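> Sequence below, structure please.
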Amino acid sequence: MVKDRITQPPEPGVGPPPREQSRVSDILHIEIAKIQTDGEYIKRDLAEARADLRDIRDRMTRLEVRVDHLPSKGFIVGVVMLALTIIGGLITIAPKMQNWLGTAITAAR
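Take a look at the predicted model:
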C-alpha cells in the first residue's frame, strides 16, 4: 500500500501570493490604462514640439530676410579702405594746403 502524501499549505508570507483570475484581469486593465495615458501625453508633447519647430522655422525665415538687407563684407571692406585712403591723402597734403591758404602754424620760439 502506498502512503498518501499529505501536502501542507505553504507558510504564510512565503512565496508568491495566490492570484485569482479576476485580479490578473484587473492588473492588465490598469496597465493598459497607464499605457494609454502615456500615449496621450506623448501625443500632446509631439504636438507642442511641432508647433515650436514651426515657430523656429518662421523666425529663421524672417531673420534671413533681415540679413539679406545688410551690406556684404566686401562692401564694408571697400568703404573702410576708401575712407583710410582719403584720410591718408588729406594728412599728406594738409601742410601744402595750409601754406597755400596762408594759415600755416609757425613754431613759437
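> which SSE is the residue nearest the centre of the chain in?
Nearest residue to the geometric centre of the chain (Cα atoms, centre = their mean): I56, 9.2 Å. Assigned by DSSP states H and E, I56 belongs to helix 21-68.
> and the gap between the residue nearest to the centre of the chain and A49?
Using Cβ to Cβ, to the nearest Å, I56 is found at 10 Å from A49. From N, CA and C alone the C-beta is placed, and that goes for glycine too.
> re the thing from before, next one, pLDDT for the residue nearest to the centre of the chain please.
Looking at I56, its pLDDT reads 96.
> and it, how far is that from D26?
45 Å.
> for D52, same thing?
With Cβ to Cβ as the criterion, D52 and D26 are 39 Å apart.
> go on, G88?
From G88 to D26 the distance is 91 Å (Cβ to Cβ).
> ok, now E64?
For E64, the distance to D26 (Cβ to Cβ) stands at 57 Å.
> show me what contacts K43?
By Cβ atoms under 8 Å, 6 or more residues apart in numbering, K43 lies in contact with nothing.
> residues near L53, how many?
Using other Cβ atoms under 10 Å as the criterion, L53 is surrounded by 10 other residues.
> Show me the domain layout of this structure.
What automatic domain parsing lists as the domains of the chain is 21-70, 73-109.
> Low-confidence ranges, the chain, go.
Within the chain, the segments meeting pLDDT under 70 span 1-21, 104-109.
> go with 80
The chain contains residues with pLDDT under 80 at 1-24, 102-109.
> Quick one: residues contacting M97.
If you count contacts by Cβ under 8 Å, 6+ apart, M97 has none.
> I30 versus that one, what's the distance?
96 Å.
> what's the answer for G88, then?
Using Cβ to Cβ, G88 is found at 84 Å from I30.
> Same question for R66.
Note on R66: its distance to I30, by Cβ to Cβ, is 54 Å.
> now swap in I56 and tell me
From I56 across to I30, the span is 39 Å (Cβ to Cβ).
> now the end-to-end length of stretch 66-78.
Counting by Cα to Cα, to the nearest Å, you get 22 Å between the two ends of stretch 66-78.
> Report the buried residues of it.
Buried residues in stretch 66-78, counting neighbours by 16 or more other Cβ atoms under 10 Å, are absent.
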